[in-house]
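[1] Give me a 3D structure for the following:
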Amino acid sequence: MIAILEAKHAGLLSKEHWLNNILAGVIVGVVALPLAMAFAIASGAKPEQGLYTAIVAGGLTSLFGGSRLQIAGPTGAFIVILAGITAKYGIQGLQVATLMAGVMLMLMGLAKLGGVIKFIPDPVIVGFTSGIGVIIFVGQWKDFFGITPIAAEHFHEKFWHLIQALPSLNIETTALALLTLAVLILSPKVFKRTPSPLVAMVVATIVQWYFHFDSVATIGSAFGGIPQSLPHFQMPSMTFSDVLKLIGPAFTIALLGAIESLLSAVVADGIAGTKHNSNQELVGQGIANVFSPLFGGFASTGAIARTATSIRNGGTSPLAGLVHVVTLLIIILVLAPLATHIPLCALSAILFVVAYNMSELHRFSHMVLTAPKSDIAVLLITFLLTVFGDLVIAVNIGVLLACLLFMKRMSETVVVEEQIQKELIAETGNTDFKTPPNTVIFSIEGPFFFGAAQHLESALESAHKHADILVLRLGRVPFIDATGMQSLGDLLDACRRHNTRLVLSEARPNVFEKLKVAGLIGRIGKNNVLTKIDDINSLNEGL
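    From the prediction side, this is the model:
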């Protein structure tokens, strides 16, 4: 269900809930102000475009999303991808890619793929979020230290240039950035109810306004300030060839947007005890990303930190998200001229903290120290590919490795063991239990799938050669796939070549139905299919 309708049905839009949601929305709007501008600049856009994104996409997500607690807007996770798209295709290309990504997200939601994305393993998520954190951190050095940037495509090239350029850092810019960073770290201890990014930005702006450091870059000197006006409709110009070129970047935005939004919704559910609709959330995010570029914005997704801030300050419904939008609108219309003096180094300091939080060092280190070696390998490979390669490739390879490792572990859980008559008497409690002469009984425990087929074939390789009857107990086989059925068919052929009778026992209904549809029950013969192992006494030794 659409979140705002669910909130209405739950009575969360009634007057008694207004105050808490309005307060939460105002606080989140204030928190979003410096972050939206910082994320926009880091993505290669203008600061006001970050605010437009938070306003348009944030409002539409609150109206049409699947989580009544979600706060959406530009996020740090997108910076790496969006900056690369802007550098290659320009801001128009970024907006076209965002619009295309919005359509993809809506299609993903309508195709009910919301649940599938939840299955991306933790080592992959931690690996690429930590990698993004490292890239954002290093990418902000130029503004934090006042270093002249260079055009470099790869991370290691940028990093090496920045290391070489550090001795020529700008003293005034670096000092103001360090002051901002100190305020960010210390202000929560003093101003417990005031968002530290806002406090730090205000302090840095006042210092710059008072001293007028000529060498310190500001929003005014770099972008000419922020327009004191509302976002207006403007269709990005695009051709069919542009669309073809941007399919890859658009898919990247859609994939990361889906992952980030659903993670944020899951975090919100964990804090507030709610339950979101993952498919509707993708549809809502898709609508937001279609309209955001039409009003001057760019890619948006669920913002975990802002969503958590809203909940912790009393937000219980989409009203908080809508109030956060109104707050940003009022700030633009009233306070936009003051943004001229905001130093870029202050926004870089804010992104330093964002990068640190994204990197999840404690979670990363805990996983390295305690996780199985295979999971550590997936974590490190995803991390390194994210930093030195491409995010989508990193996620795809990480998921692929995780899937292969999972299948390997599943195959290792499959147990094939021979059972003797004494064990079967103890299991069934039937003292009259007696197997026909020269009968071999094997119990299979675990999924009979392609990953375990070879293991099963090896275990049963010689069993049929020296027995008159081979019994397979399938009661503990939860499912069987096409490869498993092929292996069973091959086993049947081998048994017939050696004049061995193959008997299946205790197959579950779902497994029996698949074997029947595949024609194996007909080939084996219904008289060779037992519902329980006790029926083995009824086997005709002459057949």
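[2] ok, longest helix in the protein?
    Using DSSP state H to define each element, the chain has its longest helix at helix 79-110.
[3] just checking, what packs against it?
    For helix 79-110, the packing partners by 3 or more Cβ pairs under 8 Å, 6 or more residues apart in numbering; DSSP states H and E come out as helix 18-42, helix 122-139, helix 240-245, helix 247-272, helix 278-291. Where C-beta positions appear, they are placed from N, C-alpha and C, glycine not excepted.
[4] If you count neighbours, what's buried in that helix?
    For helix 79-110, a neighbour-count test (16 or more other Cβ atoms under 10 Å) marks 79-86, 89, 91, 93-102, 104-106, 108-109 as buried.
[5] quick check: mean pLDDT across it?
    In this model, helix 79-110 has an average pLDDT of 93.
[6] now the helix or strand following it, how far from the centre of its chain.
    Scanning forward in sequence from helix 79-110 by DSSP states H and E, the next helix or strand is helix 114-117. Helix 114-117 sits 9 Å away from the centroid of its parent chain (Cα atoms, centre = their mean, to the nearest Å).
[7] Count the residues that sit near the nearest residue to residue 223 once chain neighbours are set aside.
    Nearest residue to residue 223, sequence neighbours excluded (Cβ to Cβ, 6 or more residues apart in numbering): residue 46, at 5.4 Å. Residue 46: 19 surrounding residues under other Cβ atoms under 10 Å.
[8] and residue 504, what are its bridge partners?
    Taking DSSP bridges as the rule, residue 504 bridges to residue 472, residue 529.
[9] Now do the contacts for it.
    Residues in contact with residue 504 (Cβ atoms under 8 Å, 6 or more residues apart in numbering) are 471-472, 474, 515, 524, 528-530.
[10] now for those, which pair is the farthest apart?
    471 and 515 (15.3 Å; Cβ to Cβ).
[11] Straight-line length of stretch 224-234, end to end?
    Its start and end residues considered, stretch 224-234 measures 21 Å (Cα to Cα, to the nearest Å).
[12] Counting neighbours, which bits of it end up buried?
    By neighbour count on 16+ other Cβ under 10 Å, the buried set for stretch 224-234 is 225-226, 231.
[13] which of the residues you listed lies closest to residue 121?
    The nearest member of the buried residues of stretch 224-234 to residue 121, counting by Cβ to Cβ, is residue 231 at 38.6 Å.
[14] ok, the closest one to residue 50 distance?
    Noted for residue 231: a distance of 11 Å to residue 50, by Cβ to Cβ, to the nearest Å.
[15] shared neighbours, the two?
    Jointly contacting residue 231 and residue 50 under the rule Cβ under 8 Å, 6+ apart are residue 297.
[16] thinking again about what came up before, can you add secondary structure and give the buried residues of stretch 224-234 back as CSV?
    Converted to CSV, the buried residues of stretch 224-234 look like this (DSSP: H, G, I helix; E, B strand; the rest coil):
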residue, secondary structure
225, coil
226, coil
231, coil
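[17] Just name the closest of the residues you listed to residue 288, please.
    Nearest to residue 288 out of the buried residues of stretch 224-234 is residue 231 (Cβ to Cβ; 13.5 Å).
[18] Helix or strand with the lowest mean pLDDT in the chain?
    Lowest by mean pLDDT, DSSP states H and E among the helices and strands of the chain is helix 450-459, with a mean of 72.
[19] Single out the most deeply packed of the helices and strands packed on helix 79-110.
    helix 278-291 (a mean of 26; mean count of other Cβ atoms under 10 Å).
[20] what's downstream of that helix, the next helix or strand?
    For helix 278-291, the following helix or strand on the C-terminal side (DSSP H and E) is strand 301-302.
[21] so what secondary structure elements neighbour that next one?
    Packing partners of strand 301-302 (3+ Cβ pairs under 8 Å, 6+ apart): helix 247-272, helix 278-291.
[22] just to revisit the earlier point, between the contacts of residue 504, which sits nearest residue 199?
    Checking the contacts of residue 504 against residue 199 with Cβ to Cβ, the nearest one is residue 474 at 65.8 Å.
[23] hang on, that closest one is in a helix, isn't it?
    No. Read with three-state DSSP, residue 474 is strand and lies in no helix.
[24] Need the per-residue pLDDT for it.
    90.
[25] Helix, strand, or coil at the closest residue to it other than its chain neighbours?
    Nearest non-adjacent residue to residue 474, counting by Cβ to Cβ, 6+ apart: residue 507, 4.3 Å away. Going by three-state DSSP, the secondary structure assigned to residue 507 is coil.
[26] which residues sit in contact with the residue positioned nearest the centre of the chain?
    Centroid-nearest residue in the chain: residue 259, 2.9 Å away (criterion: Cα atoms, centre = their mean). Residue 259 makes contact with 117, 120, 125, 395, according to Cβ under 8 Å, 6+ apart.
[27] I'd like to know which of the residues you listed is nearest to residue 288.
    Relative to residue 288, the closest of the contacts of residue 259 is residue 117; by Cβ to Cβ it sits at 17.0 Å.
[28] Now do the nearest residue to residue 245 once chain neighbours are set aside against residue 292, distance only.
    The shortest distance from residue 245 to any non-neighbouring residue, by Cβ to Cβ, 6+ apart, is to residue 89 (7.3 Å). Distance, residue 89 to residue 292, by Cβ to Cβ: 17 Å.
[29] Ramachandran angles for residue 57?
    Dihedral pair for residue 57: phi -70, psi -40, per degrees, to the nearest 10.
[30] How about the one 10 residues further on?
    When quoted as degrees, to the nearest 10, the phi and psi of residue 67 stand at phi -120, psi 120.
[31] what's the pLDDT at it?
    For residue 67, the model assigns a pLDDT of 93.
[32] Contact partners for it?
    Applying Cβ under 8 Å, 6+ apart, we find residue 67 in contact with 3, 264-265, 268-269, 274, 276-277, 281, 302.
[33] Where does pLDDT dip in the stretch 401-543 of the chain?
    Across the stretch 401-543 of the chain, the ranges flagged by pLDDT under 70 are 431-432, 455, 459, 461-465, 537-543.
[34] Quick one: distance of stretch 248-258 to the chain centre.
    11 Å.
[35] Stretch 508-523 too?
    Its chain's C-alpha centre and that of stretch 508-523 lie 38 Å apart, by Cα atoms, centre = their mean.
[36] And for stretch 433-447?
    That offset, for stretch 433-447, works out to 46 Å (Cα atoms, centre = their mean).
[37] Give me the residues contacting that stretch.
    Contact partners of stretch 433-447, identified using Cβ under 8 Å, 6+ apart, comprise 410, 413-421, 424-425, 452, 456, 459-460, 463, 466-481, 484, 533-534, 536-537, 539, 541.
[38] Among those residues, which lie within strands?
    Among those, DSSP state E puts 415-419, 469-476 in strands.
[39] Can you flag the buried ones in those?
    Among the ones in strands among the contacts of stretch 433-447, those scoring as buried are 416, 419, 469-474 (criterion: 16+ other Cβ under 10 Å).
[40] sorry, back to before: spatially, which two of the ones in strands among the contacts of stretch 433-447 are the most separated?
    Pairwise distances across these (Cβ to Cβ) peak at 21.5 Å, for the pair 415 and 469.
[41] okay, how far is it across stretch 67-87, tip to tip?
    33 Å.
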